[in-house]
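>>> how would this look folded up:
(2 chains)
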Amino acid sequence: MSTLSADTVSSEEILPELRRSERFNRWLDRRMPPANSISLDLRKIFILPTRQGIYFVLLVCAMVIAGINYQNSLVFALAFLLASLFMVGMLHTYRNLSGLTLVAGPARPAFAGDDAEFTIVLKRLGDRTYESLQVGWNPAFLALADLREGQEERVRCYVKAKKRGRLNPGRFLIQTTYPLGLFRAWSWVDLDMTTLVYPKSVLGGDLPSSESTGDEEGELVLRDGAEDFYGLREYQPGDSIRHIAWKAFARNESLMTKQYAAYADRRVWLEWDHFSGMDRESRLSRLCYWVLRLNSSNDEYGLRLPGVEIEPARGEPHREAVLKALALFEVD
Amino acid sequence: MYQVPRNALILMLTAQTLVILPHVMRLPVWLTLLCIGCGLWRVMVYQGRWSFPGKWIKALFVFGGLIGVGFGYGTLLGLEPWVGILIVAFALKLLEMHQLRDAYTVIVLGYFVALTEFLFEQGIPYATYMFLCVTLITASLIGLNQTYLDVRPKDSLKKAFVMLAQAVPLMLVLFVLFPRISPLWTVPLQTNIARTGVSETLSPGDIAELVQSDELAFRATFEGEIPSYRDLYWRGLVLSRFDGPTQTWMQERPGLYGRLLTQESGPVSWQQSMEYLGDPVSYSVMLEPTNRNWMFSLSLPEASDLKQVGMVRDFRFYSFREIRNRFRYELTSHLDYRIDVILSEFWRYRYTLLPENDNPETKRLAASIWASSNGPEEYLSNVLRMYAIGGYAYTLKPPMLTGDTIDEFLTETRRGFCEHFAGSFVYMMRAAGLPARLVVGYQGGEYNQRANYVAVYQFDAHAWAEVWLEGEGWVRVDPTSIVSPERINEGLESAVEEEATFLADVGLSLMKFRSTLWLTDLRLQISAINHYWDAWVVGYTPSVQMTLLNRYLGDVDRKTIGMILLSCFFGLLGITALFLFFKRSQQRLPAIDREYLRYCRILEKQKLPRYFGEGPISYADRVVQQRPDLASAIRAVTDAYIRANFERDEPDDTEQLKKAVRNMRLRAFA
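I've put the predicted structure just below:
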């Protein structure tokens, strides 16, 4: 699970350093195995001078040579002060990562082709401040975070979800050049986070025909998507604002929700076989489209895939279950 | 496009202003205006009113700046033009900050401009000021690396100060131990700085002018007791040629001196004419830059092993290089001595040479005194008596002399300063055929008991005579002491007290308040601090370093010093790291939480880490399933922790928790 495979993450997001060799990755995995919570310490933090740091060393060398040639003690003193500052800066940069605890936060599933959102929680013990931390998978778009007041900070990072299935984005980079920019301290951390990647939703075909519609025989169903006004009930958190009876509210000062009803019972079965003649991914994409469509119109729908059957239902948990089934269908 | 964080920009502009400020005196006016203009332009760009200059305008600025510096200084080679170019680059780079890299360039240039200031000034005030500037530049470097949404210049400054404060001990180690070596190649030094001090020619009025300055000439630190005031004759120059047309005393042509007595030359013939009689006096002179070659010493100095320095035929020291930086040298002198008891015909001729047709009155006067004297010694004392009873007066405002100056002084004006008396005296001696020469240097100095040194100022400049007597060699004669004994025993100020001309042309000077006790005390204190600064910081040269290291570390070679340097440096760095990392570790956590975390770590080592946000009870439940063998210990800890944390907080609970955690550890690692 931990090793990075090019299948799950698009190649431009694998950090350049990590793209190098499989052996290096194995070494990293031994050194800092993936875990939900990782504290950065001596074993995990790397530190090297930046390009500016190297220029700074050259500056100090030039100053020392000036001191030698002019036999000027104060020039020496300034050169030595900057050399010492360089070393102290190294400690401070290291300190700006060390002791920081990274914890896997919630991840939000994505549709293939979109960005999956991962939340990384940065926590500190005590009152040591951390500044200008850069976190993320894509070196070109690192999220910035400070940890100066609270004890933790949540950072949202995005990874392009290329392929349906389970996305384990692997190691991300946390780095800092604070305070002087002369050193870069960094670590590649794997918080063992995964999220689902649903199929890309593609509009295709008509509404499958396995629905059973009936104006007469169906039971009266209260639901949001229906057209006919049915009555009022007390407002409950979660009710759509559009359905609040503002006139009633003006009359008696309590929030009421308008209820609509339809005599339609659209129990839809979304079936693998509806899209015959397409390959697996195209079928899943179209099924995905219909899941979203039916969910938004608050229909009941079920799913039938080879080896998978989900009874028709509605609501958010159901939607997630169905999408999960689509995401993981025939994924190793 | 890259936007320099506002925080960093504010600090950068402030630092730039402050770091250029001390240079302004030396810069052409247009360059100062250019700096101000660039700063204002950058502010306008920041406010969005103007845009960055185009490519052509920038090119115009760069070439204009270079040409301006070239014309302004007359050359592009030399220290001042280089600094000029550096400042042009520093100012113009402000208008070209398109990338983070450019901002770094500005900062590097800033550090370098700060450095160049030290090539001109090295006093304590400048060093302090430059430290502040470096703090500001460092703060803007920090600002560049802070999240740019914040404006917190104060935070950046504080961080910069803390980091520099932590760097200072490391710097001191490097400063003391880093091997100082001699220059790798010669570099241009500052050119157009005029130094006050004695010059190689002397005409009447020169010294009277020089003593209007209260600048420091040198300090001499004595190893033992400081000799008495009237013995402090600091010889610098010997003038033994009198030029008739200009009525000026000049140096002997150097070629006539023969070989110098140097470290490498081995013994020279005239060295044998030096006889030391009294006790040696050891002292070290810290000479302010003179841009000249001669050095100052008390008579009679022993041969020295200083490098690049030699002793010339008239027993003075001479540096092969012009003294452009503060120069420290150690000498030993014997105040009682005999030199040149036998003087060759050649030198006898040179030291009695006078122009033939000038100052006839003086020559006549000399002849008449010589006629009434019985031998050279009596002639000498008769001439001195002439100064004492002939109505001569010592004054800082001598009348102008024209034509035959010595005639005019001796017979008409009779009011003069030391060079008048010494010059006319030498002339009188030579006129009677006695070898004599004029010596220029300083006499006396201000004693600083705090640091056992004598500070010699320009107003201590003095001229006196040396006469060669049969059987005795060269003898110092100071005719000024006849006319004004105060000058020789107490110094110029008391000598001209009635006249009130001491430092009359100098504006405000602490030197004028020598009679105010507390001010004098304060001045001496400042002077002593400056002396130590000059001696141990500014004057920390390769030889001083070797002396110091040999004194405290014994006879060490470079390799050992290198090892000591590295171990001290990294040892201190380690201490700094300890200070940084463990100063506040877990300071915030109460004891019970510390105990609980200890318990979590024990389980973590058993590969059962607590999840983020997992409460103690659910954690315990989960872990117990995995490790039923630890169940009772885990429950004990969890219960104790919850009791201590949520129910009541008594010391007893903490103790129980501690016990439970100890038990847990024993069980887990059993």
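>>> and the longest strand belonging to chain B, what other elements does it pack with?
Longest strand in chain B by number of residues (criterion: DSSP state E): strand B:233-243. Contacts defined by 3 or more C-beta pairs under 8 Å, 6 or more residues apart in numbering or on different chains; DSSP states H and E place strand B:233-243 against strand B:248-251, strand B:297-298, helix B:418-431, strand B:436-443, strand B:461-469. (C-beta placed from N, C-alpha, C; glycine too.)
>>> residue boundaries of the helices in chain A?
Along chain A, the segments classed as helices by DSSP state H run A:16-19, A:22-31, A:51-70, A:73-95, A:246-252, A:280-296, A:316-328.
>>> Please identify the most buried of those.
Stretch with highest mean neighbour count among the helices of chain A: helix A:73-95 (a mean of 24; mean count of other C-beta atoms under 10 Å in any protein chain shown).
>>> Which elements pack onto that one?
strand A:46-49, helix A:51-70, strand A:183-189, helix B:100-117, helix B:124-144, helix B:153-177, helix B:558-582.
>>> what packs against the helix or strand that the last one is followed by?
Using DSSP states H and E, the helix or strand that follows helix B:558-582 towards the C-terminus is helix B:591-605. Contact here means 3+ C-beta pairs under 8 Å, 6+ apart; on that basis helix B:591-605 packs against helix B:631-642, helix B:651-668.
>>> Hmm, residue B:95 and residue B:58 touching each other?
Yes. Using C-beta atoms under 8 Å, residue B:58 makes contact with residue B:95 at a distance of 6.8 Å.
>>> Who has more neighbours out of the two?
Counted by other C-beta atoms under 10 Å in any protein chain shown, residue B:58 and residue B:95 do not tie: residue B:95 has more neighbours, with 20 against 14.
>>> As a check, name the ranges of all strands in the stretch 201-332 of chain A.
A:221-222, A:228-234, A:256-262, A:267-271, A:300-305, A:308-313 (DSSP state E, counting those that start in this stretch).
>>> Would you reformat the ones you listed as JSON lines and include distance to residue A:132 and mean neighbour count?
Output for the strands of the stretch 201-332 of chain A, formatted as JSON lines (distance: least, C-beta to C-beta, whole Å; neighbours: other C-beta atoms under 10 Å in any protein chain shown):
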{"stretch": "strand A:221-222", "distance to residue A:132": "53", "mean neighbour count": "15"}
{"stretch": "strand A:228-234", "distance to residue A:132": "50", "mean neighbour count": "12"}
{"stretch": "strand A:256-262", "distance to residue A:132": "48", "mean neighbour count": "18"}
{"stretch": "strand A:267-271", "distance to residue A:132": "49", "mean neighbour count": "20"}
{"stretch": "strand A:300-305", "distance to residue A:132": "47", "mean neighbour count": "20"}
{"stretch": "strand A:308-313", "distance to residue A:132": "47", "mean neighbour count": "14"}
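>>> Double-check residue B:595 against residue B:654; I have them as touching.
Yes. Using C-beta under 8 Å, residue B:595 makes contact with residue B:654 at a distance of 7.3 Å.
>>> Counting neighbours around each, name which of these two comes out higher.
Neighbour comparison, residue B:595 and residue B:654: the larger count goes to residue B:595, with 24 against 18 (by other C-beta under 10 Å).
>>> which residues touch the more buried one?
For residue B:595, the contacting residues are B:641, B:654, B:657, B:658, B:661, by C-beta atoms under 8 Å, 6 or more residues apart in numbering or on different chains.
>>> Nearest spatial neighbour of the fourth one, chain-adjacent residues omitted?
Beyond its immediate neighbours in the sequence, the residue positioned closest to residue B:658 (C-beta to C-beta, 6 or more residues apart in numbering or on different chains) is residue B:595, lying 5.7 Å away.
>>> measure that neighbour to residue B:183 for me?
64 Å (C-beta to C-beta, to the nearest Å).
>>> cool, and residue B:104?
Distance from residue B:104 to residue B:183, by C-beta to C-beta: 30 Å.
>>> more crowded one of these two?
When residue B:104 and residue B:183 are compared for neighbours, residue B:104 comes out ahead with 20 against 12, by other C-beta under 10 Å.
>>> Fine, thanks again, bye for now.
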